[in-house]
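Student: Sequence and predicted model, in that order:
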Amino acid sequence: MVDRVLVTLDGAVQDPDAPLLFADDIGVLRGDGVFESVLVRAGNACAIEFHLGRLRRSAQALDLPEPELAKWRDAVETATKEWGTEREGLMRLVLTRGRDTELSAPSTVTSGDLAAAVPVPTSYVLMLPVPERVQKARTEGVAVVSLSRGISIDLAQAAPWQLLGAKTLSYATNMAALRFAQRMGADDVIFTSTENRVLEGPRSSVVIVRDNQLITPPAKNGVLPGVTQRALFAEAEKAGWKCSYNALFTADLLTCDSIWLLSSITLAARVNSLDGLRMMAPDNAAEIIELVDRGVERAGAIGDW
């Protein structure tokens, strides 16, 4: 049983212990690239078309070359087969701008189709075991602290170059927030804006439950559109739930029935405490988890993204 699988976009299965990146890869030097994290379950890449749709949209936001989706699908299929069906896996799709030396090298072509040539992007699929924290988060929930992101909900539309709606490799701030939460005795974070609006987690979407409603902040407020959240909404609407994208104040977190952090690997993690305040599990917790599970298994076409 392998513990890692590495596949490049030419379909070749690489040695995961052998060097792959050049030292001057812009994804390493500047975080200039995009990625997706995909749960592999029972030999299937969950919600893969939604992930490819978001990868494409993130690449467009960064002015990266258009992802060759057919090659990505083939690489995903190869990696999934190599991983097997006996256990879950964490699949990462990584796309960077390529090598800095190629980007900065003066071009000798001044006209014609090659004049606008760009470096060859770095593209690969990596499979890893699911972290141990995931099972605990699924079954027991997570303790969360709310932290200010220090930005307004208007920033995403006023400054699109901030890339707030793209899943970029620049995750240093998010990881710093998680380390801060751990020092505070918590597991995770919910970011808030300068207007005390709810935003998202460092690696999750925030969804609250109120009666028969599921509510999440809209993307225009500067949050990353969530694959698992969208899959949940599609499935929940079929089951009679009302699903909406509405701005939420931090006070809404205290008056709702339950809070959920939805992500591609953990799937559904119920917030069991917020800023030290214990939150009881609702009667419909099992139903919500089941809706998420069904949603990521059935998530549809890339055009729906």
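Tutor: Nice, thanks for sending it over.
Student: so who does the residue nearest to Tyr245 when sequence neighbours are not counted touch?
Tutor: Of all residues not flanking Tyr245 in the chain, Pro218 sits nearest, at 4.1 Å (Cβ to Cβ, 6 or more residues apart in numbering). Where you see a C-beta, it was placed from the backbone N, CA and C, and this is true even at glycine. Neighbouring residues of Pro218 by Cβ atoms under 8 Å, 6 or more residues apart in numbering: Tyr245, Asn246, Ala247.
Student: let's go with 10 Å and repeat that
Tutor: Contacts for Pro218 (Cβ atoms under 10 Å, 6 or more residues apart in numbering) come out as Ile153, Ala156, Pro225, Ser244, Tyr245, Asn246, Ala247, Leu248.
Student: the helices in the stretch 151-300 of the chain, which residues?
Tutor: All helices of the stretch 151-300 of the chain, identified by DSSP state H, counting those that start in this stretch, fall at 155-158, 172-183, 227-238, 252-255, 285-298.
Student: Next up, the contacts around the closest residue to Gly226 other than its chain neighbours.
Tutor: Leaving out its chain neighbours, the residue that sits closest to Gly226 by Cβ to Cβ, 6+ apart is Ser205, at 3.2 Å. The contact partners of Ser205, by Cβ under 10 Å, 6+ apart, come to 199, 216-217, 223-230, 232, 260-264.
Student: let's go with 8 Å and repeat that
Tutor: Thr216, Val223, Leu224, Gly226, Thr228, Gln229, Leu261, Leu262, Ser263.
Student: Kindly report the same for Asn196.
Tutor: Phe249, Thr250, Ala251.
Student: Mind doing that once more with 7 Å?
Tutor: The contact partners of Asn196, by Cβ atoms under 7 Å, 6 or more residues apart in numbering, come to Phe249, Thr250.
Student: Same question for the one 3 residues further on.
Tutor: The neighbours of Leu199, taking Cβ under 7 Å, 6+ apart as the test, are Arg149, Phe191, Thr192, Ser193, Pro217, Asn221, Gly222, Val223.
Student: Likewise for Ala269?
Tutor: When contacts are counted by Cβ under 7 Å, 6+ apart, Ala269 is found next to Ala137, Arg138, Gly141, Val142, Trp260, Leu261.
Student: now the residue nearest to Tyr245: how far from Leu277?
Tutor: Shown here: Pro218 relative to Leu277, a distance of 26 Å by Cβ to Cβ, to the nearest Å.
Student: tell me what the lowest-mean-pLDDT helix or strand in the chain is packed against?
Tutor: Every helix and strand in the chain was compared by mean pLDDT, DSSP states H and E; the lowest is helix 100-104, with a mean of 80. Helix 100-104 sits against helix 26-30, with contacts defined as 3 or more Cβ pairs under 7 Å, 6 or more residues apart in numbering; DSSP states H and E.
Student: what does the average pLDDT come to for whichever helix or strand comes after the helix it packs on?
Tutor: The helix or strand immediately downstream of helix 26-30 is strand 33-41, counting by DSSP states H and E. For strand 33-41, mean pLDDT rounds to 98.
Student: what's the spacing between the following helix or strand past strand 33-41 and its chain's center?
Tutor: Next in sequence after strand 33-41, counting helices and strands by DSSP H and E, comes strand 44-45. Relative to the centre of its chain, strand 44-45 is centred 16 Å away, using Cα atoms, centre = their mean, to the nearest Å.
Student: Pull out the buried positions in whichever helix or strand comes after strand 44-45.
Tutor: On the C-terminal side of strand 44-45, the closest following helix or strand by DSSP H and E is helix 48-61. For helix 48-61, a neighbour-count test (16 or more other Cβ atoms under 10 Å) marks 48-59, 61 as buried.
Student: what's the closest of the contacts of Ala269 to Pro19?
Tutor: Ala137 (33.3 Å; Cβ to Cβ).
Student: Could you check how far that closest one is from Thr192?
Tutor: Distance from Ala137 to Thr192, counting by Cβ to Cβ: 21 Å.
Student: Repeat that for Glu102.
Tutor: From Glu102 to Thr192 the distance is 41 Å (Cβ to Cβ).
Student: more neighbours, the two?
Tutor: Comparing Glu102 with Thr192 by other Cβ atoms under 10 Å, the one with more neighbours is Thr192, at 22 against 15.
Student: List the residues that contact that one.
Tutor: Neighbouring residues of Thr192 by Cβ under 7 Å, 6+ apart: Ser146, Ser148, Arg149, Val198, Leu199, Thr250.
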